[in-house]
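Q: After the sequence you'll find the predicted model.
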Amino acid sequence: MVNVRINDEELQSFLDDVDNQSEAVRDGLRLLMNQQAGRKFPELNDKQTRAYQWILEAAGTSGVVSAEEVVTVLAQEFSRGKQLVKMTILDPLKHEGYIEVEWGRIRPQPPGEMESSGGSSTSSSDGLEDDAPTVEDEWARQEAATVVGGESDD
């Protein structure tokens, strides 16, 4: 067991905004460890691995799952706030090419396809790289979407 004391105002400010400071420090150390080891695609941590497996299963034959459902289930499963789930679990999965997020839906990439896609799903050949929506844009769009008149059947 290691105890950590942080005397950096910027880091302390960040940690004040997260639900689980210990987990945030562990995630940061894992990221640093993977970077120093020179891994292009860092290994997923346990929560990210479990989340990815759940998303693959939930997507089933349709190949997509509602982003709201994913965020809600993972927040409950990991006892974390929805924003923290997005930041520490789903955003890294998207960045590394494990999932695509678009219009309130998450499409998991089968394990064999991730290595051939080269990680991030952003394409530089579409001519829209400067105007391409960010992860934050996609989450905001998903959160702003509401179903009017009951259940949606799409």
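A: Right, received. Where do you want to start?

Q: would you list every one of the strands in the chain?
A: Applying DSSP state E to the chain gives strands spanning 65-66, 99-102, 105-108.

Q: Now render the ones you listed as CSV, adding distance to residue 77.
A: Where C-beta positions appear, they are placed from N, C-alpha and C, glycine not excepted. Written out in CSV, the entries for these read as follows (distance: least, C-beta to C-beta, whole Å):
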stretch, distance to residue 77
strand 65-66, 14
strand 99-102, 16
strand 105-108, 15
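
Q: Turn those strands into CSV, columns for mean pLDDT and distance to residue 92.
A: What follows is the strands of the chain, written out as CSV (pLDDT from 0 to 100; distance: least, C-beta to C-beta, whole Å):
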stretch, mean pLDDT, distance to residue 92
strand 65-66, 94, 18
strand 99-102, 91, 10
strand 105-108, 92, 14
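
Q: Would you map the helices across this protein?
A: Using DSSP state H, the helices found in the chain span residues 9-16, 21-36, 46-59, 67-78, 82-85, 91-95, 111-117, 135-144.
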